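I'll drop the sequence and a predicted model, then ask my questions.
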Amino acid sequence: MDYTGSQSEKVVPAGELGRSHIGQTITFQPNEFTVVFGRLAGIARTEAMVYLSLQGVGNGTHLKDEYDLPATHDVYVPVDVISNAESTIKDLFGKVQENLRGGGHRGGEDRTDKL
């Protein structure tokens, strides 16, 4: 099994998880046979390892609610829709500004109709 995330997720190294990720639903593959989907309850870390605690997945026969991952291990978090929209709007605004300055005309030709 090789989980690569969904369109609504972005990959971050486990070592970059921080306080802002607490409460988010994350996805990761702790071994080659298992994919974990869970709400992040807590994070502890050392230089080399990240310890994740999840809400709502413990107390099952085969379900763990704590995982130890190397700091470089891929973890998938929800895409920040607001930041993505903001960046898209800035890109579009930049293109509009460029076109208004004449960057969209070829060779500086005058496009006004002459009578």
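Yep, that arrived.

where does this protein have low pLDDT?
Residues of the chain that meet the criterion pLDDT under 70 lie in 58-61, 81-88, 103-115.

By residue count, which strand of it is the longest?
If you go by DSSP state E, the chain has its longest strand at strand 34-45.

After it, which helix or strand is next?
Downstream of strand 34-45, the first helix or strand assigned by DSSP states H and E is strand 49-55.

If we go by neighbour counts, what in that following strand is buried?
If you call a residue buried by 16 or more other Cβ atoms under 10 Å, then strand 49-55 has these buried ones: 50, 52-54. Any C-beta I mention is one placed from the backbone N, CA and C, and that applies to glycine too.

what's the helix or strand that contains Phe28 packed up against?
Assigned by DSSP H and E, Phe28 belongs to strand 25-31. Secondary-structure packing of strand 25-31 (3 or more Cβ pairs under 8 Å, 6 or more residues apart in numbering; DSSP states H and E): strand 34-45, strand 66-70, strand 74-78.

now with 10 Å?
Other helices and strands packing on strand 25-31, by 3 or more Cβ pairs under 10 Å, 6 or more residues apart in numbering; DSSP states H and E, are strand 9-13, strand 34-45, strand 49-55, strand 66-70, strand 74-78.
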